[in-house]
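> just a sequence and a predicted model for now, questions to come.
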Amino acid sequence: MCQPSAPASPATVEALFTRPEGYVFARWGRPIVPVIFGVEEATLAVFKGAIEAVVALAGHQIADHDPELGANLMMFFCRDWSELVQVPNLDRLVDGLASLVTRLEAQEANQYRMFRFDEHGAIRAVFVFIRVDAALAEVSAEVLALDQAVRLICLWGDDALAQGVLVRTEQSDAVLGPQIGAVIRAAYDPVMPAASRDPAHALRLFARMSGE
């Protein structure tokens with residue numbers, strides 16, 4: 001989950017938010033209200049702390065209640081994908097839950113994120129599903145929590161963070177790579193739009209990163 005390289009040009013910044021359909025950027029348009037299921041109390045504190053740290057880095061806000069949804073960031077941990085269909089009312093929040101579970105089982109995936117957007121294209125809610133398989137079981141809660149917090153703070157391109165978002169230092173097992181941190185800060189600059197499909201948006205992000 002470590003990424004030694006970093007965005008160093010407008011093109012590499014643009015690639016972070018490029019999907020098969022083209023450039024698609026979105027950040028949260030409302031305060032984040034997280035709720036986490038399926039972990040012990042100590043692990044819960046680690047994940048909430050990581051989310052709060054990344055939200056603070058972005059200059060965004062955490063809240064206790066979303067007036068529309070109650071909680072707008074829901075994280076579900078399981079040992080087997082089939083456990084998700086047993087979660088009360090989850091099928092009412094996630095359309096096609098049964099087919100999603102079947103697809104994740106077939107892919108032998110260990111994580112999945114589902115984003116929802118408001119009328120302006122900003123992030124409205126995120127559902128995060130994590131299956132703790134043998135690979136993830138070897139990852140410390142601190143590393144996994146920070147990695148996941150970064151992945152949900154923006155809508156990244158499908159393969160943008162394929163190599164991870166963290167770097168190792170002599171003082172720590174893993175910390176957020178400084179350039180990824182710079183992208184997040186730039187993305188949440190108040191003068192920047194909450195959503196964009198214009199590749200020129202990446203130029204504006206890079207300009208703000210360069211000015212730090």
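On my side now, so go ahead.
> from here on, just use CA atoms for contacts and neighbour counts.
Fine.
> tell me the domain boundaries of this protein?
As assigned by automatic domain parsing, the chain contains the domains 1-27+155-212, 29-153.
> contacting residues for Asp80?
Counting by Cα atoms under 8 Å, 6 or more residues apart in numbering, Asp80 touches 131-132.
> tell me the centre residue of the protein?
Nearest to the geometric centre of the chain sits Leu152, at 1.5 Å (Cα atoms, centre = their mean).
> and that one, that's in a helix?
Yes - assessed by DSSP: H, G, I helix; E, B strand; the rest coil, Leu152 belongs to a helix.
> I'd say it and Arg124 touch.
No - between Leu152 and Arg124 there is no contact under Cα atoms under 8 Å: 11.4 Å.
> the helices in the chain, which residues?
Secondary structure of the chain, counting by DSSP state H: helices at 10-16, 41-58, 90-93, 97-107, 134-137, 141-153, 178-187, 200-210.
> contacting residues around the longest strand along the chain?
Longest strand of the chain, by residue count under DSSP state E: strand 123-131. Contacts with strand 123-131, where a contact means Cα under 8 Å, 6+ apart, come from 26-30, 72-81, 109-118, 152, 154-155.
> need the buried ones from these selected in PyMOL.
The buried subset of the contacts of strand 123-131, as determined by 16 or more other Cα atoms under 10 Å, is captured in PyMOL by this line:
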select buried, resi 26+27+28+29+30+72+73+74+75+76+77+78+81+110+111+115+117+152+154+155
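> what's the local residue count around Leu161?
By other Cα atoms under 10 Å, the residues close to Leu161 number 18.
> please name the residues that touch it.
16, 151.
> now do the phi/psi pair for it.
phi -110, psi 30 (degrees, to the nearest 10).
> over to Ala109?
Here is the backbone geometry of Ala109 (degrees, to the nearest 10): phi -70, psi 160.
> and the residue lying closest to it once chain neighbours are set aside, how far is that from His201?
Spatial nearest neighbour of Ala109, excluding adjacent residues (Cα to Cα, 6 or more residues apart in numbering): Arg131 at 7.7 Å. From Arg131 over to His201 the distance is 34 Å, taken as Cα to Cα, to the nearest Å.
> Phe17 too?
From Phe17 across to His201, the span is 10 Å (Cα to Cα).
> and Val46, by the same measure?
Using Cα to Cα, Val46 is found at 33 Å from His201.
> quick one: which of the two has more around it?
A direct count of neighbours by other Cα under 10 Å for Val46 and His201 places His201 higher, at 22 against 17.
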